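A.B. asks: here are the coordinates; sequence isn't available:
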């Protein structure tokens, strides 16, 4: 059994919110017995652990308690109740530059931060050149950091945190700093940490990065841990929370909702009956409109999940409208098996106004395009959404409904084939 690097046990963080400072003052002096504050639970009985060598992500909406739990783990905040235990030397990228003295030079701040982490001056000096090379801010490193641009500041802060050689790296929304070249360097270093078997606790709104790097994900919502598990499953539940359907996170409910896509009798005569439906399909929405059938159609007009690369194909979705709706959006998304969204579109992006859909009617949206993805298997998600009473509403979504298997005899780099043509001028080559 892997050794535990971080253990979070029943952590609660309670803040008292006072309407005005006088109420706080009166209470501190015991001048009133009446409760003059509102209680805000930034965290409410949160528990999880991280094993050594594991990369664990924490996701959730703003105000869910993600940054608070990291600050408690690193000792920046104290919990109201509960305990944390850390086994290993931590480097934390919470708020980039936290712990920097604005009057000190970059060099002085490098040694200051190294000392705060328990390194001797000699140990910091041994890592100094790596830090300077990574930050790449030139002679500015010998100037007070208060003179830095925001870009130089975050470059130095990241370089210090990630080159100290920690046993545990804690990252809070810090991999997308600086320009695109520095971001690439940050992600490369992050991947080096992961390959080296370092323990990583990673907080980000970038769900693609969470799906790519994390072994397990913890989902927080309004200070409460909703669930934890494989990235793809937890991200799908998080997307429900984003559209205010967080109550639909019980797997047994989901399986009951999708019975019509799996049961042979109810699927008889449907387009989707000729596709392989995902047994873990995620089906949710308020059902003002409902996806009742869908298909992948190849260039021969046949329903077929196997699409030849370079050829045209269609995605069809038939929707039954239970209410009158104006301008509903028909959508599809294609993801890789790890849950990274590769491509997708909807009727709004394509400039197609759907108009008024009457209750009791059914309409089929057909998306036609050429298959330019590389040869491999992907997952197709479908949706119909819109704005009901000025509120974005998910009428119905089917996440990871079925697979699309791209058949190819020529693959290039990445997900998408640029379909390049090559010419070489022999005369030019020999000049």
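C.D. replies: Here it is on my side, so go on. Keep in mind that what you see is a predicted model, and the values were worked out from it rather than measured.

A.B. asks: can you give me the helices in the stretch 151-300 of the chain?
C.D. replies: 180-195, 207-213, 231-242, 251-257, 259-262, 264-267 (DSSP state H, counting those that start in this stretch).

A.B. asks: As JSON lines, those helices with mean pLDDT would be great.
C.D. replies: Listed next are the helices of the stretch 151-300 of the chain as JSON lines, based on pLDDT from 0 to 100:
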{"stretch": "helix 180-195", "mean pLDDT": "82"}
{"stretch": "helix 207-213", "mean pLDDT": "84"}
{"stretch": "helix 231-242", "mean pLDDT": "85"}
{"stretch": "helix 251-257", "mean pLDDT": "45"}
{"stretch": "helix 259-262", "mean pLDDT": "64"}
{"stretch": "helix 264-267", "mean pLDDT": "66"}
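
A.B. asks: Looking at those, spot the one closest to residue 397.
C.D. replies: helix 231-242 (8.2 Å; Cβ to Cβ). Just so you know, the C-beta spots here come from the backbone N, C-alpha and C atoms, and that holds for glycine as well.

A.B. asks: Following the chain onward from the helix or strand harbouring residue 84, which element is next?
C.D. replies: Taking DSSP states H and E as the definition, one finds residue 84 inside strand 81-86. Counting by DSSP H and E, the next helix or strand C-terminal to strand 81-86 is strand 90-93.

A.B. asks: Output the contacting helices and strands for the helix or strand that that next one is followed by.
C.D. replies: Next helix or strand after strand 90-93 toward the C-terminus (DSSP H and E): helix 106-116. The criterion is 3 or more Cβ pairs under 8 Å, 6 or more residues apart in numbering; DSSP states H and E, and the helices and strands that helix 106-116 contacts are helix 121-135, helix 150-162.

A.B. asks: Which among the ones you listed is found nearest to residue 19?
C.D. replies: helix 150-162 (35.4 Å).

A.B. asks: If I take the closest one and helix 121-135, what angle do their directions form?
C.D. replies: Interaxial angle of helix 150-162 relative to helix 121-135 (axes from the mean of the first three to the mean of the last three Cα atoms, to 10 degrees): 140 degrees.

A.B. asks: which other residues reach helix 150-162?
C.D. replies: 91-93, 96-97, 100, 106, 109-110, 113-114, 131-132, 134-137, 140-141, 145, 148, 169, 174, 177-179, 182, 186, 189-190, 193 (Cβ atoms under 8 Å, 6 or more residues apart in numbering).

A.B. asks: Quick one, which of the residues you listed are buried?
C.D. replies: 91-93, 96-97, 100, 106, 109-110, 113-114, 131-132, 134-135, 137, 140-141, 145, 148, 169, 174, 177-178, 182, 186, 189-190, 193 (16 or more other Cβ atoms under 10 Å).

A.B. asks: just to revisit the earlier point, mind listing what the strand holding residue 84 pairs with, with the direction of each?
C.D. replies: strand 4-18 (antiparallel) (DSSP bridges).

A.B. asks: before we move on, the earlier item: please compute how far the strand holding residue 84 lies from its chain's middle.
C.D. replies: 26 Å (Cα atoms, centre = their mean, to the nearest Å).

A.B. asks: And stretch 10-23, by the same measure?
C.D. replies: On Cα atoms, centre = their mean, the centre of stretch 10-23 falls 30 Å from that of its chain.

A.B. asks: Let me see the residues that make contact with stretch 347-362.
C.D. replies: Residues contacting stretch 347-362 (Cβ under 8 Å, 6+ apart): 289, 292, 318-331, 363, 365.

A.B. asks: correct me, but residue 13 touches residue 71?
C.D. replies: No - using Cβ atoms under 8 Å, residue 13 is not in contact with residue 71, being 9.1 Å away.

A.B. asks: shared neighbours of the two, anything?
C.D. replies: Joint contacts of residue 13 and residue 71 (Cβ under 8 Å, 6+ apart) are residue 77.

A.B. asks: which strand is the longest one in this structure?
C.D. replies: strand 391-407 (DSSP state E).
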